[in-house]
Structures are given as structure tokens and as C-alpha cells.
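A.B. asks: sequence unknown, structure follows:
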């Protein structure tokens, strides 16, 4: 009797060792496709697994199983920003965009710079040659001409109608 009981216990222990407790199948070790797979490939038993894990919202590959998803688009502050705000990914940017050499503020992001000086033809010119900015010209010019027949002032470039020539 003892021998029979011992043999019976041994058989039960062997059966339990090679059967899955949850599914009573002869699957002694569940096999899953990856860390995120919830169903055993051998017996179909289901386990509880956590959601896919990603490094950040821009990451397409699950860190545990490699599953691919369509990630969020990279997020940047403006067209001049090269670093993604979420993951730090770098992108090529063309630099700041200004209307002209006299413009102090980037048209895309508003960053300030020290622009070049306005360019005028002369001291009495009120319009910048580069950007068209108007200035008030308060400097009275004591016009200087090369001779009495000269029509253009040497200092400011202003035109005049010279006096008529005398034929004497």
C-alpha cells in the first residue's frame, strides 16, 4: 500500500511538472513571441502584459518587442528650431529669414539681430537703398558745385538748373 501511494504521488508530481496549471495542457513552459505577446504560442494561454513601451512620443519601435507604430510628429517651436521638443531629434534648418539686410527680426521666429546700417546715396537722401526705410533729413546742405555750370551738388547730390551761360 505504501508503495502504491508512493508511486501515485510520483505520477501526480510528474504530470503536474509537465502540465500548465492554468490551462491543464501538456505545455510545461509557455512560449511567447515576444515580451509584449499575451498569448502562449503552444497552448494559447493568456497572460497579462503591459502596454508597449516607447522611449518617447516620437519613437516608432517598442522597447520590449520591436513592434512598429506610427509615432507623433516631431514638435518644434518654429521654423528656425532645429531640436525636437519631445525627443531632441535634430533637423536641418536654413537659418533665420529676414526681409533684407536692414531687418532686425527673423520673419519665422522673431529672433533679434543687429542689422547692417541703412544705405543712402548721400546726406540729403531720405530713402534707404536696401529696404526703402524713410528717414528725416534735417541737415541743411550748404551746396557746393565744381563750377557755375555744374548741375549736381558735390555734397548731397541734389540737382539744380545752373544759370544760363553768358556769351560775352
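C.D. replies: Cool, the structure landed. Please read all numbers here as calculations on a predicted model, not as lab measurements. Numbers count the residues shown, from 1 in each chain.
A.B. asks: where do the helices sit along the protein?
C.D. replies: Here the chain has its helices, by DSSP state H, at 2-18.
A.B. asks: where in it is pLDDT low?
C.D. replies: When residues are selected by pLDDT under 70, those of the chain lie in 1-27, 139, 167-168.
A.B. asks: burial measure for residue 92, as a count.
C.D. replies: By the criterion of other Cβ atoms under 10 Å, residue 92 has 5 neighbours. C-beta: built from backbone N, CA, C; applies to glycine.
A.B. asks: Do I have it right that it meets residue 81?
C.D. replies: No - checked against Cβ atoms under 8 Å, the pair residue 92 and residue 81 is beyond contact range at 11.8 Å.
A.B. asks: Count the residues that sit near residue 108.
C.D. replies: 16.
A.B. asks: I meant residue 125, not that one.
C.D. replies: 16.
A.B. asks: Then residue 32?
C.D. replies: For residue 32, the neighbour count with other Cβ under 10 Å is 16.
A.B. asks: and if you look at residue 40?
C.D. replies: 20.
A.B. asks: is it true that it touches residue 30?
C.D. replies: Yes - look at residue 40 against residue 30 with Cβ under 8 Å: they come within range, at 4.0 Å.
A.B. asks: Now for residue 116: which residues touch it?
C.D. replies: Residue 116 is in contact with 101, 102, 130, counting by Cβ atoms under 8 Å, 6 or more residues apart in numbering.
A.B. asks: Of those residues, which is the nearest to residue 45?
C.D. replies: residue 101 (72.2 Å; Cβ to Cβ).
A.B. asks: list the contacts for the closest one?
C.D. replies: Residue 101 sits in contact with 115, 116, 130, 131, where contact means Cβ under 8 Å, 6+ apart.
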